[in-house]
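Q: need a structure here:
(chains A and B)
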Protein chains: 2
Amino acid sequence: MNLTRVLIYGMGLMGGSLALSIRGKFSDAEITAVVRSEKSKKTILTKNLAHKVFLQNEMGSPEWSNYDLVVFSTPVESILKIIPTLPKSGNTIFIDLGSTKETIVSAVESHYTNVTHHYISTHPMCGSEQVGPEAAVPDLYVDKLCILTPPKFSSNLSLDWVREFWEKIGSWTMEMDSKSHDETLAYLSHLPHVVSTLLVNVAGENPVTKKEVMGISKPITGGGFRDMSRIAGSNPDMWISIFKENKSFLRNSIDDFIKELSEFRELLASDDSFDEDKIRKVWELALANKEDIRKTK
Amino acid sequence: MNLTRVLIYGMGLMGGSLALSIRGKFSDAEITAVVRSEKSKKTILTKNLAHKVFLQNEMGSPEWSNYDLVVFSTPVESILKIIPTLPKSGNTIFIDLGSTKETIVSAVESHYTNVTHHYISTHPMCGSEQVGPEAAVPDLYVDKLCILTPPKFSSNLSLDWVREFWEKIGSWTMEMDSKSHDETLAYLSHLPHVVSTLLVNVAGENPVTKKEVMGISKPITGGGFRDMSRIAGSNPDMWISIFKENKSFLRNSIDDFIKELSEFRELLASDDSFDEDKIRKVWELALANKEDIRKTK
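A: Below you'll find the predicted structure:
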């Protein structure tokens, strides 16, 4: 597998970590980074993440065909602006690291209508509370899932190449169409982040809880709350961007969750009703679902 | 601090771990355990958790005054049945490890109306997914919070003694009245367990998510879902008992959570509305609440 010239467009935690992985796996690859801020540029040079770094306004529109592989690792909104400017011929392979797929894949399919192309959308699933190239680590993608979403008219060779690329980086891969991706991720990732964040606010807004919590210097919580609140309020820019792209599925998942909560509430509805058997069934179902989803059986 | 004869009534993970801690800290203490099953009895003897073990039906009603300290570590419902049988005089100190306080404290206050007594309700906050005396460990209570709830008419000396006892075991302590305890715990512990469990079910019941999840052998989820689902479906007997005792506050917390979810949903309500500023405020509020509650500032 040959890789000599790579452009990483946007180099935060994810792009920077990918640069480190590429340097480890493809020793011939020359990496060029494009970033927005002087601060990122300095960090990238200090950490030796890329061979060349340009600010967006220094470079203007890149000469895409100079590269074997172009990786978009900016927020989805800005990827959507670049896609209509991509060349309709040449051998450059384009991938992105976007957390939502439908808007990107639609943009690619509109741009390349009836034209074979080399754009494969990818989603390496490896979050972190940390941000920026200063947090880049070489093993971020190792043993993580990378979802591959080939738009219409993408060449099979590109898909094979991109799969092999991610597997060489150390990820395991699966294919998903863009709608299934966004719906699945709404339930397995986006809704959990909303729920964690709101759970912390519900607790913080209860006056009695607030009073007790503020009255001592150590946490009242056990491991349950600690786990349930770890991702609360993290990385607002990233999540606002994800919610914007995926708001329809996220809305559905919130509706489903409200329905489930309302039904559970009825099991403890009044002083005389307490449906132990049904609560037990909810608990058993959760154990089964947890094993299916987390593959812990 | 003197402790020679201890009765631990009910010896699962919590009672067994307390027995190990007591053996480490009070070398003179002779520990008697009362359990329901032959299996537990065998485990306790094999693990050397107690000096003497009786089955409930072997012992009948214990001679409470034979002990310096009696620890109730059975489900709250069975503690509620024992409280009316406790002696109204003597120096035996009674504590329980119950996860809810209002029903226990009411029972104690009804039993000891206008009588000074030595019953202090306590709640060491150290959950675990594991159950049974076979899971007992000596450091379960070290550096954990133990909430002390003195009922009316309990002697101040008993409260001081119980505080000192838990601190010697390695916990740090705070006092809380029974209502504040149950309301605070609804928000910081009981609601999070409900939410984790229902979140897993919402994901498992979405057909697209289910299909994708069942289609591969590795988990699609990242660290967010993993953390958010860790406590899902755990320990149904314990949780059903807690929900039964605390259903009124739990119901309120579920209502608050549904309200918060519904408001958040409105921020992504229709194709034209997406209130980025308000989402950002929700996220910022969560960070502040998280710091207050987890004391991570």
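Q: Return the backbone torsion pair for the nearest residue to residue A:148 once chain neighbours are set aside.
A: In this structure, residue A:148 finds its nearest non-sequential neighbour in residue A:175, 5.0 Å apart by CB to CB, 6 or more residues apart in numbering or on different chains. Where C-beta positions appear, they are placed from N, C-alpha and C, glycine not excepted. The phi/psi pair for residue A:175 (degrees, to the nearest 10) reads phi -100, psi 140.
Q: cool, and residue A:36?
A: phi -90, psi -30.
Q: And the next helix or strand past the lowest-mean-pLDDT helix or strand in chain A?
A: Ranked by mean pLDDT, DSSP states H and E, the weakest helix or strand in chain A is helix A:56-59, scoring a mean of 88. With elements assigned by DSSP states H and E, the helix or strand that comes after helix A:56-59 is strand A:69-72.
Q: Tell me the gap between stretch A:247-266 and the middle of its chain.
A: 23 Å (CA atoms, centre = their mean, to the nearest Å).
Q: Output the contacting helices and strands for the least confident helix or strand of chain A.
A: Under the contact definition 3 or more CB pairs under 8 Å, 6 or more residues apart in numbering or on different chains; DSSP states H and E, helix A:56-59 sits against strand A:30-35.
Q: List the pairing partners of the strand it packs on within its sheet, with orientation.
A: Counting by DSSP bridges, the strands paired with strand A:30-35 are strand A:5-9 (parallel), strand A:52-55 (parallel).
Q: Quick one: those as JSON lines, columns for mean neighbour count too.
A: As requested, those are exported to JSON lines (neighbours: other CB atoms under 10 Å in any protein chain shown):
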{"stretch": "strand A:5-9", "mean neighbour count": "23"}
{"stretch": "strand A:52-55", "mean neighbour count": "16"}
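Q: I'd like those strands as CSV, with mean pLDDT and distance to residue A:280 appended.
A: As requested, the strands paired with strand A:30-35 are exported to CSV (pLDDT from 0 to 100; distance: least, CB to CB, whole Å):
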stretch, mean pLDDT, distance to residue A:280
strand A:5-9, 98, 51
strand A:52-55, 96, 58
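Q: Can you check the pLDDT for residue A:297?
A: If you check residue A:297, the pLDDT there is 65.
Q: do the same with residue A:223
A: 85.
Q: got the residue ranges for the strands in chain A?
A: Ranges of strands in chain A, per DSSP state E, are A:5-9, A:30-35, A:52-55, A:69-72, A:93-96, A:119-124, A:145-149, A:172-175.
Q: Among these, which comes closest to residue B:149?
A: Nearest to residue B:149 among the strands of chain A is strand A:145-149 (46.5 Å), distances taken as CB to CB.
Q: tell me which strands and helices the closest one is in contact with?
A: strand A:119-124, helix A:156-169, strand A:172-175, helix A:178-185.
Q: so what strands line up beside the first one?
A: When you say that, I think you mean strand A:119-124. strand A:93-96 (parallel), strand A:145-149 (antiparallel).
Q: contacting residues around the longest one?
A: Translated: strand A:145-149. Outside strand A:145-149, the residues that touch it by CB atoms under 8 Å, 6 or more residues apart in numbering or on different chains are A:101, A:105, A:120-125, A:159, A:162-163, A:166, A:169, A:171-178, A:181, B:218-220, B:222.
Q: So which residues make contact with the least confident helix or strand of chain A?
A: Applying CB under 8 Å, 6+ apart, the set of residues contacting helix A:56-59 is A:34-36.
Q: Same check on stretch A:74-90?
A: A:9-10, A:61, A:64-65, A:72, A:94, A:96, A:98-100, A:103-104, A:107-108, A:110-112, A:115, A:117, A:119, A:237-238, A:241-242, A:244-245.
Q: Which residues in that stretch does the neighbour count mark as buried?
A: A:74-76, A:79-80, A:82-83, A:86 (16 or more other CB atoms under 10 Å in any protein chain shown).
Q: Run through the residues that contact the residue nearest to the spatial centre of chain A.
A: Note on chain A: the residue nearest the mean C-alpha position is residue A:99, at 3.5 Å, using CA atoms, centre = their mean. If a contact means CB under 8 Å, 6+ apart, then residue A:99 has A:76, A:123, A:185, A:189, A:238, A:241-242, A:245 as its contacts.
Q: Tell me which entries of these lie within helices.
A: A:76, A:185, A:238, A:241-242, A:245 (DSSP state H).
Q: Including pLDDT and distance to residue B:25, could those residues go into CSV?
A: Listed next are the ones in helices among the contacts of residue A:99 as CSV, based on pLDDT from 0 to 100; distance: CB to CB, whole Å:
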residue, pLDDT, distance to residue B:25
A:76, 91, 57
A:185, 97, 50
A:238, 87, 48
A:241, 89, 53
A:242, 92, 51
A:245, 92, 56
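Q: Okay, domains of chain A per the record?
A: As recorded under automatic domain parsing, the domains making up chain A are A:5-176, A:181-266.
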